[in-house]
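> Dropping a prediction and its sequence here:
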Amino acid sequence: MSYGQLGLIEICAAFYTYFAIMAESGFWPARLLGIREPWNSRVNDLEDAFGQEWVCGIIRVDFYIVKCAHQFNEQNLTATKN
């Protein structure tokens with residue numbers, strides 16, 4: 001039972017971190033649904049909620065920031081388990 005609760009907490013923390021970082025960059029949660037095709041496109045016309053256009057390289061950097069934050073959350077939650 002406790003592993004299920006911990007897993008749920010980790011999932012909630014991961015989604016919260018993802019949506020918080022992406023919203024900080026101008027991509028609101030509602031905008032993220034169905035954005036895969038323009039996100040992976042090499043054309044530089046992806047516009048965020050603030051009206052800024054994103055280029056492919058900057059999009060990748062933002063994605064790596066999300067991945068690093070997720071790893072940081074996982075390590076902190078794992079350290080509190082022991």
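Perfect, I can see it now. Numbering: from 1, shown residues only.
> doesn't residue 26 make contact with residue 50?
Yes. Between residue 50 and residue 26 a contact is recorded at 4.5 Å, counting by C-beta atoms under 8 Å. Bear in mind the C-beta positions are built from the backbone N, C-alpha and C, glycine included.
> buried residues in the longest helix belonging to the chain?
Among the elements of type helix in the chain, defined by DSSP state H, the one spanning the most residues is helix 56-81. When neighbours are counted by 16 or more other C-beta atoms under 10 Å, the buried residues of helix 56-81 are found to be 59, 62, 66, 69-70, 73.
> who does that helix touch, helix- and strand-wise?
Counting contacts by 3 or more C-beta pairs under 8 Å, 6 or more residues apart in numbering; DSSP states H and E, the secondary-structure elements packed against helix 56-81 are helix 2-24.
> Next, count neighbours for the residue nearest to residue 48 when sequence neighbours are not counted.
For residue 48, ignoring the flanking residues on the chain, the nearest one in space by C-beta to C-beta, 6 or more residues apart in numbering is residue 26 at 2.9 Å. With neighbours defined by other C-beta atoms under 10 Å, the count for residue 26 comes to 15.
> now do the one 5 residues further on
For residue 31, the tally of surrounding residues (other C-beta under 10 Å) stands at 14.
> surely it meets residue 46?
No. With contacts counted by C-beta under 8 Å, residue 31 stays clear of residue 46, the gap being 10.2 Å.
> low-scoring stretches of this structure, by residue?
Low-confidence regions of the chain, defined here as pLDDT under 70, cover residues 1, 44, 57, 76-82.
> separation between the residue nearest the centre of it and residue 24?
The residue lying closest to the centre of the chain (C-alpha atoms, centre = their mean) is residue 18, at 2.7 Å. Computed as C-beta to C-beta, to the nearest Å, the residue 18 to residue 24 distance reads 11 Å.
> What of residue 58?
Residue 58 sits 14 Å away from residue 24, taking C-beta to C-beta as the criterion.
> ok, now residue 31?
In this structure, residue 31 lies at 13 Å from residue 24, with C-beta to C-beta as the measure.
> now residue 6
Spatial separation of residue 6 from residue 24 under the definition C-beta to C-beta is 27 Å.
> Have a look at those two and say which one is more surrounded.
Between residue 6 and residue 24, residue 6 has the larger neighbour count (other C-beta under 10 Å), namely 14 against 10.
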